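Chemist: Fold the following, please.
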Amino acid sequence: MGVVSVVDHVPAFSRGDGLPEPEIHDVLRNERRRAALQFLRERAGEAHINELTTAIVHREADQESDTKSLRQSVYSSLHQTHIPKLEGADVVAYDEDSNVVRLTTNSRAVDRYLHLRPAHGVSWGEYYQLFAVTSLLVTLLVEMEVAVFAAIDPLPVLTVALVVLALSVGYQLWTRRWIYVRSLFS
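Modeler: Prediction:
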């Protein structure tokens, strides 16, 4: 009988190779799984299953729906189907004792395919792109002394742009601090 390495029995995605693309698409195929991942991202990477259920019910409910039966349906599907699917792909970890769902470090592989939209509709990536283009355009107009921009000194323009950039990065890091801290220790 030969020696079998433990690594031989571990799927590729949990050895740090990242999730295979077909697995990511399979995980993201369902709207409730996408909603669960988005809610967990907004909640610093973890939430009680009841909070997760409530968030998805609010997302799916309309004025005519029976929220009690919808809540039951969402809870059951999360508990029986979606969380096990996400857990099987090592995207979340579910603690059955505390009923807490946590994102794993592997969830970052899914983020590349899941364009998460915050409530206000603009992602951080889009914000930084818009900010960079606007700052560059204003700086060029000031330097080229075009029309109204000729009277503006370039130093305050650049200073304001850098301060806004620093504040934006600081805010983003602060609001996502627990995700970053948790990823350091996992």
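Chemist: and Val122, that's in a helix?
Modeler: No: read with DSSP: H, G, I helix; E, B strand; the rest coil, Val122 is coil and lies in no helix.
Chemist: Where does the closest residue to Ala44 other than its chain neighbours sit: helix, strand or coil?
Modeler: What sits nearest to Ala44 in space, not counting adjacent residues and going by C-beta to C-beta, 6 or more residues apart in numbering, is Trp178, at 3.7 Å. Glycine gets a C-beta too; all of them are placed from N, C-alpha and C. Using three-state DSSP, the structure places Trp178 in helix.
Chemist: for Asp90, same thing?
Modeler: coil.
Chemist: Tyr94 and Gln80 touch, don't they?
Modeler: No: Tyr94 is beyond contact range of Gln80, at 11.9 Å (criterion: C-beta atoms under 8 Å).
Chemist: between these two, which one's more packed in?
Modeler: Each of Tyr94 and Gln80 has its neighbours counted (other C-beta atoms under 10 Å); Tyr94 has more, 16 against 10.
Chemist: who does the more buried one bridge with?
Modeler: Listed by DSSP bridges, the beta-bridge partners for Tyr94 are Val101.
Chemist: give me every residue that touches it.
Modeler: Taking C-beta atoms under 8 Å, 6 or more residues apart in numbering, we find Tyr94 in contact with 49, 83-84, 87, 100-102.
Chemist: With neighbour count, pLDDT and distance to Ser69 added, can I get the residues you listed in a markdown table?
Modeler: Listed next are those as a markdown table, based on neighbours: other C-beta atoms under 10 Å; pLDDT from 0 to 100; distance: C-beta to C-beta, whole Å:
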| residue | neighbour count | pLDDT | distance to Ser69 |
| --- | --- | --- | --- |
| Ile49 | 19 | 94 | 18 |
| Ile83 | 21 | 94 | 20 |
| Pro84 | 13 | 94 | 22 |
| Glu87 | 14 | 93 | 26 |
| Val100 | 15 | 95 | 25 |
| Val101 | 26 | 95 | 22 |
| Arg102 | 16 | 94 | 28 |
